[in-house]
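I'd like to go over a predicted model; first the sequence, then the structure.
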Amino acid sequence: MKKRWALIICLLIISQPVFADFKEHFDLGTQYLSNYQYSGAITEFKSALRINYKDNSARIQIINSYLARGTHYANTEKNWEKAADDYRSALFYMELYPDKEKAQVASIYDQVNQNLNTCLNMMKFDTSAKSRFNKAKELRAEGNFAAAAYEFSKSLSEQDQVKSSYSQIGDIMKILGNEPKAAEYYRKAISADPTDINLRLSYAKLLDKLGSEEAAVEEYNYILSKSDNNKDVLYALERIYKRKLETSPSDADLNANLGAILQKQNKYDEALEHYKKAEQLSPSNINTRINVGTLYQQKKDYKTAIIAYDSVLILEPNNINANLYKAQCKSALGDDKAAQELFKKVLSLDPSNTIALEEMFTSARNTLSVPAYIDYLAKNSNGIDTTSILYNYGIDLHNAKKYDDAITIYKYLIQKDKDTNGEIYMNLAIAESQLNNYKEALSILNTAKTKYPDNTMIATAYTDITETIKNNTLNKAAELYQNKDYKSAIEEYLKIDPPTADTMIAVASAYQNLEDTTNALMYYKNALQLKPNDATIAYYIAAIYADTEDYDSAEAYAQKALLIDSNNNDAKKLLAEIKTQNNSRLLETAVSLYDEQKYDQSLPLLNELISEDDKNAYALYYRAMIYDAMKKLPEAISDYKKAFEINPTDLKIINYMIAVDYDSMEKYKDAYTYYEKYANSDVPEDEYKTYAADRAKELKDYVQQTTKPVSNKQ
């Protein structure tokens, strides 16, 4: 069976425009409405209401427009959401917007409300207060203000939404031009939360705009009492009082109030003019004289301020404010004794005056030692807890670097069990550390950790002081090191507990400077254990081993450095030097064995050396000579040539050796060539050079005449 929906009923209300000024908008809106152009009609009637929110004809017609459009959305388009928004807007203009005219549309209110409920049911809309509040915020964000205000009005059953809902309805009323209604809703919001300064400021400004000056002044004064001289408020009050003075220039209170407002804006000269006029108009008003005194006090002209206060005290010796402010001036002038007497007088007149008590105590700080001040507080506190006063004094002393005095106060408060969270313990420990009493500081913090295990800041303070100790020790050690007092530097570095790689390196370096390589190596190795991936430390160890000619260990650590960091150029260079040293030692051994004619032992060493460094000219040279001894002349000649190519300057004898080998092999042409090279070289004149020249001459004749030469004699 098909569901059947009852058509939503649209009831239109007949109205007539009241003000001719609205005729253009009203007529255009009416024309749009009659042509079923509902959106255009709504826009025009809104314009009419913004011109004059009281125009009931425009209000009725905008209701008609919303009802007509809402009925169209519901019956024709089945767009329940848009229809609901229009019915909300219509109900807003029926229920919330008007004052006395509400009864004129009461006859259709129930039907419109029923239409809205039908739409909400079709949407399955959650009608809880929280849901309606969220919907209201959504509608406001979309600019659908009238519908939003209606939904805000339906969310008031949730207590935590009352202030915001009333406030937002007030905002919407102001946006739509109905400022008296806006003020009404701001007032309701303030009733829900009287302490909201921003809300009260909006209310005050609106009252001011509406001409409700007395109510606006009351709100502005409240805001000033709860805030720090709000500039907007002071400017508004100044404007209001100046406007009042235009009509009542001889009103003493108005002049005095305007003077106070100008004073708060630091407009001292202008304020004084109004104070003087107020005093002329009402000479017996002591409040004006006190205001004059506070003005000079603000300007730090304390002597003139005292004159003003004295003029009050002549008339009223027990005036609390005059005595209090005069005491403050005396204290500012450094006359603490007179200030003390005046503070005591104020307290005798008003024992609960905490300002006088605190300032009396502050003044006493200037004349008493810390122990005497603590005793003074105890005797004059009148039962008031002076913990914060004393603690703040301790902080001031601490900041002034008077650590001993601050410590005295901190210890007193701890003794009296006034530390509730560990803060005093922490400040005491910090002060002790600033006097370099580090052990005492850490002991205090250990006690604090036991008493306040949940205070993580104590652990942080402990870490900070430990770090300070470490840094101080490091700085001292570094200074000793720079001054070349290496033994003392080592003692300081070894105080760092736990040790670090950096401190171990520093100790090792100091031992190096003391030429104690054994300990230097030990501490570099300790550093490497603490920082195993540090290539530089491995290089340092390798360098020491190299200096002590322990090349095997040096090579192992240099290789380790490169394994950690393949780009460590120092390790690369050292490794190359070690290789050179190893090769030199190997060559020396091979040469020694050669000299002993132990060719079978020398040759493997030379082969090993050449396999690692095929550019080692001397290794090639000595291997060639072994080949000579073994009658392996071609192999000898090959090595001689390689060696000469590498080092022709130092190994010129090689040409002679090659010549002899070729001669022995009866390769006379080649022998002649090398004898000639040697004979013509710049080697010293000796038997070898003479023989080379003579043999070259003999071979030359043979080469030219192809006659058999005499046998080679060496």
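Good, I have the coordinates. Numbers count the residues shown, from 1 in each chain.

Secondary structure element holding Tyr87?
Following DSSP states H and E, one finds Tyr87 within helix 80-91.

which stretches of this structure form strands?
The residue ranges that make up strands in the chain, judged by DSSP state E, are empty, as it has none.

before we move on, the earlier item: so what's the gap between the helix holding Tyr87 and the chain middle?
Its chain's C-alpha centre lies 50 Å from the corresponding centre of helix 80-91 when counted by C-alpha atoms, centre = their mean, to the nearest Å.

which residues touch that helix?
Residues from elsewhere that reach helix 80-91 (C-beta atoms under 8 Å, 6 or more residues apart in numbering): 8, 63, 66-67, 69-71, 73-74, 109, 112-113, 115-116, 119-120, 122-123, 125, 139, 144, 146-147, 150-151. Where C-beta positions appear, they are placed from N, C-alpha and C, glycine not excepted.

Pretty sure Leu445 sits against Asn427.
No: taking contact to mean C-beta atoms under 8 Å, the distance of 11.0 Å between Leu445 and Asn427 leaves them out of contact.

For the helix holding Tyr87, the averaged confidence score.
For helix 80-91, mean pLDDT is 94.

Filter the contacts of helix 80-91 down to just the buried residues.
Restricting these to buried positions leaves 8, 63, 66-67, 69-71, 73-74, 109, 112, 115-116, 119-120, 125, 139, 144, 146-147, 150-151, with burial counted as 16 or more other C-beta atoms under 10 Å.

Among those, which are located in helices?
Secondary structure assignment (DSSP state H) places 63, 66-67, 69-71, 109, 112, 115-116, 119-120, 139, 146-147, 150-151 from these within helices.

Now do the same contact list for the residue lying closest to Ala378 once chain neighbours are set aside.
In space, and not counting its chain neighbours, Ala378 is closest to Thr386: 7.8 Å by C-beta to C-beta, 6 or more residues apart in numbering. With contacts defined as C-beta under 8 Å, 6+ apart, the neighbours of Thr386 are 361, 377-378.

Go ahead and build a PyMOL selection from the buried members of those residues.
Remark: buried members of those, expressed as a PyMOL selection using 16+ other C-beta under 10 Å:
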select buried, resi 361+377
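
closest to Glu179 among the contacts of Thr386?
Phe361 (51.1 Å; C-beta to C-beta).

domain parsing for the protein?
Structural domains annotated on the chain: 368-483, 597-648, 652-714, as defined by automatic domain parsing.

Tabulate the ones you listed (TSV), appending mean pLDDT and distance to Pro98.
Compiled in TSV, the domains of the chain are given as follows (pLDDT from 0 to 100; distance: least, C-beta to C-beta, whole Å):
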stretch	mean pLDDT	distance to Pro98
domain 368-483	87	56
domain 597-648	94	108
domain 652-714	85	124
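
closest to Ala506 among the contacts of Thr386?
Compare each of the contacts of Thr386 with Ala506 using C-beta to C-beta and the shortest gap goes to Leu377, at 50.7 Å.

Excluding sequence neighbours, find me the nearest residue to the closest one.
Thr386 (4.8 Å).

quick one, which of the domains of the chain is nearest to Tyr493?
Within these, the stretch nearest Tyr493 is domain 368-483; the backing value is 4.7 Å (C-beta to C-beta).

Help me confirm that Lys451 comes into contact with Gly422.
Yes: here Lys451 lies in contact with Gly422, judged by C-beta under 8 Å, at a distance of 6.8 Å.

quick one, which of these two is more surrounded?
The neighbour comparison of Lys451 against Gly422 (other C-beta atoms under 10 Å) goes to Gly422, with 21 against 13.

Angles on the backbone of the residue nearest to Leu377, please.
Here the main-chain torsion angles of Thr386 (degrees, to the nearest 10) amount to phi -100, psi 20.

Relative to Gly40, how far out is it?
Note on Thr386: its distance to Gly40, by C-beta to C-beta, to the nearest Å, is 74 Å.

for Tyr540, same thing?
Shown here: Tyr540 relative to Gly40, a distance of 89 Å by C-beta to C-beta.

Next: Ser553.
When C-beta to C-beta is applied, the distance between Ser553 and Gly40 equals 98 Å.

Next: Asn198.
When distances are taken as C-beta to C-beta, Asn198 and Gly40 turn out to be 37 Å apart.

More neighbours: the two, which one.
Residue environment comparison for Asn198 versus Gly40 gives the larger neighbour count to Gly40, 16 against 10, counting by other C-beta under 10 Å.

In contact with the residue lying closest to the more buried one once chain neighbours are set aside, which residues?
Spatial nearest neighbour of Gly40, excluding adjacent residues (C-beta to C-beta, 6+ apart): Tyr32 at 4.0 Å. Taking C-beta under 8 Å, 6+ apart as the definition of contact, the neighbours of Tyr32 are 38, 40-41, 44, 65.

Report the buried members of these.
When burial is judged by neighbour count using 16+ other C-beta under 10 Å, the buried members of the contacts of Tyr32 are 38, 40-41, 44, 65.

Could you verify my assumption that Asn647 touches Ala617?
Yes: distance between Asn647 and Ala617: 3.8 Å, which falls inside the contact criterion (C-beta under 8 Å).

count of neighbours near the nearest residue to Lys418 once chain neighbours are set aside?
Once its chain neighbours are removed from consideration, Lys418 has its nearest residue in Thr387; the separation is 4.7 Å (C-beta to C-beta, 6+ apart). Thr387 has 15 neighbouring residues, counting by other C-beta under 10 Å.

Next one: Thr387 from His398, what distance?
16 Å.

picking up where we left off before, adding distance to Ala489, write the buried ones among the contacts of Tyr32 out as a markdown table.
Formatted as a markdown table, these follow (distance: C-beta to C-beta, whole Å):
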| residue | distance to Ala489 |
| --- | --- |
| Tyr38 | 93 |
| Gly40 | 92 |
| Ala41 | 94 |
| Glu44 | 92 |
| Ser65 | 93 |
